[in-house]
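Q: Sequence first, then the predicted structure:
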Amino acid sequence: MLFNSYAFVFGFLPIVLLGYALLAARAGTARWPLWWLVACSAVFYTIWNPINLLIIAPSLVVNYFLARALQHRVANHKQPDRTASAMLLAGIVFNLCFLGYFKYRNFFVDSINQVFLTQWPLLEILLPLGISFITFQKIAFLVDVRVGNVKQFELVDFLIFVAFFPQLIAGPIVHYREMVPQFQKATPQIELHNLCIGLCLFAMGLFKKAVLADGIAPHASSLFAMSDRGEPLGLFYAWLGALAFTLQVYFDFSGYSDMAIGLARMFGIRLPVNFDSPLKATSIIDFWNRWHMTLTRFLTAYIYAPIALHLTRKRMAQGKSMVAAAGSRPAAFFVLVATPTLITMFLSGLWHGAGMTFVLYGLLHGSLLVVNHAWRQWRPRWNRQRYQRVMRPIGFVLTLACVVFAMALFKSQTVAGALHMMRAMLGLDGAVLPQAVLGRLGAPGAWLQAAGVSGDFYSGTGFVSLVLWAVVLLVAATTLPNSLELMARFNPALGKKASPVGPWSVSLNARWATVFGVTLLAGVMSLNQVSEFLYWQF
Amino acid sequence: MSERRFLSWIFGVALGLAALAAALCWVVDPYLVFGQARFAGFNHIKPAVTTHEPMMKAYQASRACGKTLIIGSSRSGIGLDPSGPAWPQAMQPVYNLSVAGTNLHDALPLLNMLLAHCQPDRLPTTLVVGLDFESFLSQVRPATAPQPVANDADQQQAERLQALARRTSGGLLQPGLLWRDAATSLLTVSALVDSLATLRASQRAAGPNLLPGGNSSEWQLQAWTQADGAGALFHQKHLLTARRFAKPHQLGVAPDGAIRGMAAVSAMLGLAAQHKMAVKMAVQPSHVSHHELIDALGHWPDFDRWKHALADAAHHARQRGMDVTVWDFGGYEADYLQPVPARGDRRAAMAAFWDPVHYNAILGQRITAAWIGAPAAPTASSASASESALGAELRPETVAQRVFQVRQARERWRSANPQALADAQRYRCAVQACPGNARLH
């Protein structure tokens, strides 16, 4: 079941809210409302395909009992405890193997077949919904238990953490210590205050997904389909297509995150921020600090930091140079910054999808991050203010261009298709515009034709529609406050401090109620459209 | 403002605006779902036909009954005007059931649905069928390849037609899909946008339209021609045709040698026999440049073979007592030979065609007069089949002659236009590997 569906908005959600409120009011224990949420989350997960639950349930059982054993071990033994570490390692390996089988088995087998010309069979494997997110949640939980951040938990606490329906399918990826204490502290009831804030966030998220992302999606899909078929695109179409997809995935995923945060808030739970206007970023480092922030946090904490720490300790033991804030030695930079960055982004790419395009996507972004870090190390040390004044706009344009360029890998079905798109983006396939548009541009049209731009028969109306969509969405994404900034007064999410942001700050008044009424209506009235949820495959 | 009031305001605004939007959509009826009357200057133009034609046609047809029904693709949908003067009085009223992008197989459920609604005293007596050779071409697939699955839109349309056929007149006991159609025609952004587009187009009296007679207006093709010139439309259509119908597309043939698509012709004739309808089939006219492209793609022998099969099918139907004729307008008649204006020329107009396959209503009236207004089909013992300067009837005893005459006309034309075949080959080479040929953009 998707958040942006009639069944969810008019069926599932009201029933869950009503059941939670009734149980909170009448049940003798605070645990019954939690069990209600767990049961509803199971229904939410199962309704798409009941087999999803049959596959995931055993892994949850294994993780629960392993966590129990780990918790007991940590509580009763002094640190360092190698046995506990081994138990943690076993749990991580189990979860990764579980993920690896269902998501990557065919990819690895196919890759081996291609490289070694073998003919290992590919199996039809059902990919459980949200398996990547669930796996990361389980690993994070085991780590938290191991390091003593989780000292006590019950079955319902574990289940609500792993399977809470707002963040079950597509995050945000949360830590146990962020979420469950909120369930334990909060009085289980539906508070109007939380319902207001949650509904506003949900309305904004639904609008972003159902109206904005789904509105531009057909343009992006048709252009990438042309590229995957090897049809000529030209410079303008290629960049417009990649930009359209960048905007689609941003509004799609950030919209879904807003809906998740809003839904959790309806139950009084604050989830962490996942998107912070990433298309406003002025560097690639800044971009990854704003895009899918909980994934970045997870990868930094559990992959980048341990690798960097291990390599640092090794260099220190060898008496070699370390990385400084600026002017480090290249060898130190390569070992202590570039290597962990590339490994982390390689795994990030692989996490996004079982395909070479995603691996290359991760490596490309890894390379861009390395370049960014290197620039920070060895850039000219100009006056800071002047540097910011000059570099911010340049950095913004460069970052946006790099992000859009890399999206060719994210969206294309094949490496060949991605390379075809990238080739066109680099201008190697010439430049074309619809003849219907070129013919109406007058003198500028003549200049463009003199410069080598030719006319083709892509629909002029379609081209203008694409440009309008792209411009409007790009302006919105790069200039307007995001949904969490709008709601900042109400402390909507973890990691977003409560502070008013001036005239855009939402207040509980008639004007904003009207805005949200219109926003909610527009989102609901767009539910009939065919919609793809891009992060479904994760 | 309190939280309770804030929430109430949100839902109040949402519900209030939803009610207004629904009211507007219901009154304007952009998709013809509610059967609202059309008022000039308000909602008489239905531009949503460009995106919702199958649904609109289904609902319009569920309220229409004509003495004569036309089925076919966009070619007959635009070119054959039911209100034209060429239709004999005895055959009126005429209703055009043609739907863009469909073939004969797709037309039958729609026809069935309409027949289910017509009162016994208003059942159609004549079925006019526009046939497109290209719709009988299919991509060669290995026998072990899985059958293509119908897409969601096609499945929904099939369910809709079944539901409309079962629908009681008025009342609440409507099949679920019809309730869903009603809801999406009232409470969706697309319906609201299309309602506003309907108002705007009707006020300006300009826009694509699904006319009350079931045919589509020529407005869109006219607008494109004025904007880009006929040459551009011809060029674009030729490219699309080459991409769609280049080999390995070919005339699908069953193991017993029968042409696969003829099963739909047989089904249509069976349905007509069941309802005691006369059938008038026709190979629809195309511009000469389209014929050249079909030949360049290697399909001309199959085009002739298909005409033979149509003549045989009509003959067998007549032997079973049906009134069936088939005419061939797919030749090199004078009306089809007008040179295409150069690309970029937005002033020169084509007299009979909007693009290589879509003939205009003027030519449509002329072929109607030649074909429908022709004398009743002679009996088996009579002399020759009907002929006119425009088209000829196909009968088993005359089809070979007709095919030969068309080939002769083609050779005469090519002698006078030696560049034509080379032009057609360039379109083929735009989509297939050809030795030494530059890519055609």
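A: Noted; the coordinates are in hand.
Q: going forward, measure contacts between C-alpha atoms and count neighbours the same way
A: Noted.
Q: From what I see, B:Leu269 and B:Ala317 are in contact.
A: Yes - assessed by Cα atoms under 8 Å, B:Leu269 is found in contact with B:Ala317 at 7.3 Å.
Q: Which of those two has more residues huddled nearby?
A: B:Leu269 (22 against 19; other Cα atoms under 10 Å in any protein chain shown).
Q: Report the contact partners of the more buried one.
A: B:Val279, B:Ala317 (Cα atoms under 8 Å, 6 or more residues apart in numbering or on different chains).
Q: What does the pLDDT read for it?
A: On the pLDDT scale, B:Leu269 is placed at 95.
Q: What spatial separation is found between it and chain A?
A: Distance of B:Leu269 to chain A, computed by Cα to the nearest Cα, to the nearest Å: 37 Å.
Q: any idea how far that residue is from B:Gln284?
A: Distance, B:Leu269 to B:Gln284, using Cα to Cα, to the nearest Å: 18 Å.
Q: What of A:Val109?
A: 53 Å.
Q: Looking at the two, which one has more neighbours?
A: B:Gln284 (25 against 17).
Q: count of residues packed around A:Pro481?
A: When neighbours are counted by other Cα under 10 Å, A:Pro481 registers 16.
Q: helix or strand for residue 203, which one?
A: I'll assume chain A. helix A:192-206 (DSSP states H and E).
Q: try again with chain B
A: Per DSSP H and E: helix B:189-204 holds B:Gln203.
Q: does any bit of that helix sit next to chain A?
A: Yes - part of helix B:189-204 sits near chain A under the criterion Cα under 8 Å from any Cα of the partner chain, namely B:Val189, B:Ser190.
Q: what about the helix or strand following that helix, average pLDDT?
A: Next helix or strand after helix B:189-204 toward the C-terminus (DSSP H and E): helix B:219-228. In this model, helix B:219-228 has a mean pLDDT of 89.
Q: Helix B:219-228 and chain A in contact?
A: Yes - counting by Cα under 8 Å from any Cα, chain A is contacted by helix B:219-228 at B:Ala227, B:Asp228.
Q: how about the residues of the stretch 101-250 of chain B near chain A?
A: B:Thr184, B:Leu187, B:Thr188, B:Val189, B:Ser190, B:Ala227, B:Asp228, B:Gln236.
Q: wait, the fourth one sits on A:Gln529?
A: Right, B:Val189. No - between B:Val189 and A:Gln529 there is no contact under Cα under 8 Å: 9.2 Å.
Q: Of these two, which one has the most company?
A: Neighbours were tallied for B:Val189 and for A:Gln529 using other Cα under 10 Å; the higher tally belongs to B:Val189 (22 against 16).
Q: Strands of the chain, start to end?
A: By default, I'm working from chain A. A:431-434, A:453-456 (DSSP state E).
Q: looking at chain B here, not the other one
A: B:68-71, B:94-96, B:126-131, B:137-139, B:249-251, B:278-283, B:324-328, B:392-393.
Q: how about the ones you listed, which one is nearest A:Ala69?
A: strand B:137-139 (61.3 Å; Cα to Cα).
Q: Spit out the contact partners of the residue in the stretch 151-300 of chain B that chain A sits nearest to.
A: Residue nearest to chain A within the stretch 151-300 of chain B (Cα to the nearest Cα): B:Thr188, separated by 4.2 Å. Each residue near B:Thr188 by Cα under 8 Å, 6+ apart is listed here: A:Val524, A:Met525, A:Ser526, A:Leu527, A:Asn528.
Q: again, but for B:Gln365
A: Counted by Cα under 8 Å, 6+ apart, B:Gln365 has contacts B:Gly79, B:Leu80, B:Asp81, B:Gly84, B:Pro85, B:Ala86.
Q: Could you rerun that using 7 Å?
A: B:Leu80, B:Gly84, B:Ala86 (Cα atoms under 7 Å, 6 or more residues apart in numbering or on different chains).
Q: just curious, which of those residues is nearest to chain A?
A: Nearest member of these to chain A, counting by Cα to the nearest Cα, is B:Leu80, at 26.6 Å.
Q: and the nearest residue to the closest one once chain neighbours are set aside, how many neighbours does it have?
A: Excluding the flanking residues, the one nearest B:Leu80 by Cα to Cα, 6 or more residues apart in numbering or on different chains is B:Gly364, at 5.1 Å. Neighbour count for B:Gly364, taken as other Cα under 10 Å: 24.
Q: where in the stretch 151-300 of chain A is pLDDT low?
A: Of all residues in the stretch 151-300 of chain A, those with pLDDT under 70 make up the ranges A:186.
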